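Engineer: Structure, please.
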Amino acid sequence: MSAGACGGYFERGMVLTGGGALLRNIDILLARESGVPTIIAEEPLTCVARGGGEALEMIDMHGGDIFSDEI
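Structural biologist: Model prediction:
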């Protein structure tokens with residue numbers, strides 16, 4: 001996969017979430033094998049659900065306009 005196709009992951013790295021992120025040294029293995037900086041999210045088991053909740057709150061506050069292409 002090209003760096004352009006990854007949308008900046010090669011520069012910014014990836015964040016592991018969910019139960020798989022709790023596998024011992026998975027971040028080290030993935031970083032070594034992929035060459036991409038890798039970290040484990042704080043509270044990986046719940047961070048996606050909390051982030052989804054925050055996104056829904058933003059939609060409630062701003063309506064569907066947050067998905068508009070217009071700036």
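Engineer: contacts and neighbour counts: CA atoms only from here.
Structural biologist: Will do.
Engineer: I'd like the distance between the residue sitting nearest the centre point of the chain and V48.
Structural biologist: In the chain, the centroid-proximal residue (Cα atoms, centre = their mean) is V15; its distance is 5.2 Å. When distance is defined by Cα to Cα, to the nearest Å, V15 is 11 Å away from V48.
Engineer: Now T46: phi and psi?
Structural biologist: Here the main-chain torsion angles of T46 (degrees, to the nearest 10) amount to phi -120, psi -10.
Engineer: Touching, it and G18? I think so.
Structural biologist: Yes. Under the criterion of Cα atoms under 8 Å, T46 makes contact with G18 at 7.3 Å.
Engineer: Tell me, please, where in the protein the pLDDT is lower than the cut-off.
Structural biologist: The model of the chain has pLDDT under 70 over residues 1-10, 64-71.
Engineer: Quick one: the strands in it, in order.
Structural biologist: Using DSSP state E, the strands of the chain run over residues 14-16, 38-40.
Engineer: Might you report the residue contacts of the spatially closest residue to the residue nearest to the centre of the chain that is not a sequence neighbour?
Structural biologist: Counting by Cα to Cα, 6 or more residues apart in numbering, V15 lies nearest to I39, which is 5.0 Å off, once chain neighbours are set aside. With contacts defined as Cα atoms under 8 Å, 6 or more residues apart in numbering, the neighbours of I39 are 13-16, 27.
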